[in-house]
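Trainee: next comes the sequence, and after it the predicted model I'd like to discuss.
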Amino acid sequence: MTLLNQKPATLEAAIAEIPDGASIMVGGFGSPGTPFALLDELLAQGQRRLTLIKNDANEPDIGIGRLIRAGRVDKLITSHIGLNRIAIEEMNAGRLAVEMHPQGLLAEKIRCAGAGHYGFLTDIGLGTEVAEGRREIECDGRTWAIEPAIRADFALVHADLADAYGNLIYRGTAINFNPLMAMAADHVIAQAYRVEAPGQLVPERIHTPCAFVSRIVEVDPATSDQGRRAHAV
Amino acid sequence: MPSDQQRILARAAREVSAGQIVNLGIGLPTRLFHYLPPEMEVLVHSENGVLGCHPLEEGTAPDPEMIDSGGAYIATRDGASVFDSALSFAMIRRRRVDVTFMGAFEVDQQGNLANWKIPGKFSPGIGGAMELAQKVETLVVLCSHNDKHGNPKILRQCRLPLTAPRCVTRIITEKAVMEVTEAGLEVVDIAEGLDVATLRAATEADLIIDETRLGRF
């Protein structure tokens, strides 16, 4: 439990709570929504043997690409790593365990953990190699695959705006996996470009209520997000 | 003379009707954006969480938090919305996307599609292709008729791991437009200047061709 009035933290203190061997969800689809400042601090602090859960592997020199390159990641749960040739090489060499899921199933598995469920039933992937090894059941005369939810010890998310209680507002296509992951991890560290006093955000506009957020770190858009410029068009 | 890709894209644009919600896959299909009439009321869905993508005007500074699923910077059109990834795929699974365009490594006469993995050579992950292939009502494959070595891509039976079984509605290549039917692969249109024998020779699949009804493109 993190008390409401104890959430604002420095980058260093927020990331220092993560131990070696942690499982960590990381927001972002490509660069938008990736919490670059939190990831760079994780790189600087040296935590090892991490399991990361992210839609993609970023590109080799930004975001989780830098952690993979530095050998900090044992396992990656993802949907597509095509923009990161280093991650593909590490996977092929057996140094990085990669668990691939169709993107919509990955999102739903995380959403489902965030909703407090064990898993869900789906027909996605039946008749393909994705179905291999899945448990299937019959319901109402049809076959369904059981997809267990995915949770994590930590989530690192990027928001546009926050308040000091940890209410979050995302922006544009930087929303993607962030609000899902903010509900699916035990300890949620959010970075935001601006952290306001409680009462400054319009309640109806809040995407993630503060109850799910453990730490909030204000980051400067000009220095925290080198991935923006490195992003391939 | 239009290039092969221009021929495919110009023909593919005719598959889109006003009022539809359309998803454009990575690669060639993304360029279909530029072949749709600008005034046409169509919302382009991108699975990273946008409904109503618009190409970025030339000379406009990109918003770093606005990309499509292929990673290109985009703008949005009037009536657009943005949302999270779970909602984006709910929209797909609930069949609210009317038509999707995708590339292919292989496609066969049963409508099976393989476009995500070449075992031992190419396995970056499936991304959003599986849900789109399985759930979107109309799936149009846009691809070259043959691979770069000249081997047919339109097959009797896919050999690569499937993206989804029996999901393809139509196939548009530089040589032909083919409809997947109960009876097999029916050629609707053939490219200007191409004869039926040449088309058959470039294709592994059995083609159903009624020359009296064949269109040109």
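Mentor: Nice, thanks for sending it over.

Trainee: can you map out the strands along chain A?
Mentor: A:23-26, A:50-53, A:73-78, A:97-100, A:119-122, A:136-139, A:142-148, A:152-163, A:168-169, A:185-196, A:215-218 (DSSP state E).

Trainee: between these, which one is closest to residue B:184.
Mentor: Comparison of those against residue B:184 by Cβ to Cβ identifies strand A:142-148 as nearest, at 27.3 Å. All C-beta atoms are positioned from the backbone trio N, CA, C, and that covers glycine.

Trainee: just for chain A, where's the confidence low?
Mentor: By pLDDT under 70, the low-scoring segments of chain A are A:223-233.

Trainee: which residue ranges form the helices in it?
Mentor: A:11-16, A:36-45, A:64-69, A:85-92, A:103-114, A:178-184, A:221-224, A:226-230 (DSSP state H).

Trainee: tell me which of those helices sits most buried.
Mentor: Of all the helices of chain A, helix A:178-184 has the most neighbours on average by mean count of other Cβ atoms under 10 Å in any protein chain shown, namely a mean of 28.

Trainee: residue closest to the middle of chain A?
Mentor: Taking Cα atoms, centre = their mean, the centroid of chain A lies closest to residue A:26, which sits 2.2 Å from it.

Trainee: closest one to chain B among the strands of chain A?
Mentor: strand A:97-100 (4.4 Å; Cβ to the nearest Cβ).

Trainee: so is that closest one next to chain B?
Mentor: Yes: using Cβ under 8 Å from any Cβ of the partner chain, we find that strand A:97-100 touches chain B at A:98, A:100.

Trainee: what are the buried residues along that strand?
Mentor: For strand A:97-100, burial by neighbour count (16 or more other Cβ atoms under 10 Å in any protein chain shown) applies to A:98, A:100.

Trainee: strand partners of it, parallel vs antiparallel please.
Mentor: Within its sheet, and counting by DSSP bridges, strand A:97-100 is paired with strand A:73-78 (parallel).

Trainee: just checking, the residue nearest to the centre of chain A touches residue A:152?
Mentor: No: contact between residue A:26 and residue A:152 fails when scored by Cβ atoms under 8 Å: they sit 9.3 Å apart.

Trainee: what touches both of the two?
Mentor: Applying Cβ atoms under 8 Å, 6 or more residues apart in numbering or on different chains, one finds that residue A:26 and residue A:152 are jointly contacted by A:53, A:181.

Trainee: span of stretch A:141-155 from start to end?
Mentor: 39 Å (Cα to Cα, to the nearest Å).

Trainee: what about it and chain B, any contact?
Mentor: No: Stretch A:141-155 lies out of reach of chain B by Cβ under 8 Å from any Cβ, never closer than 11.9 Å.

Trainee: tell me which residues touch the closest residue to residue B:93 other than its chain neighbours, please.
Mentor: Using Cβ to Cβ, 6 or more residues apart in numbering or on different chains and skipping residues adjacent in sequence, the residue nearest residue B:93 is residue B:135, 5.1 Å away. Taking Cβ under 8 Å, 6+ apart, we find residue B:135 in contact with A:124, B:92-95, B:97.
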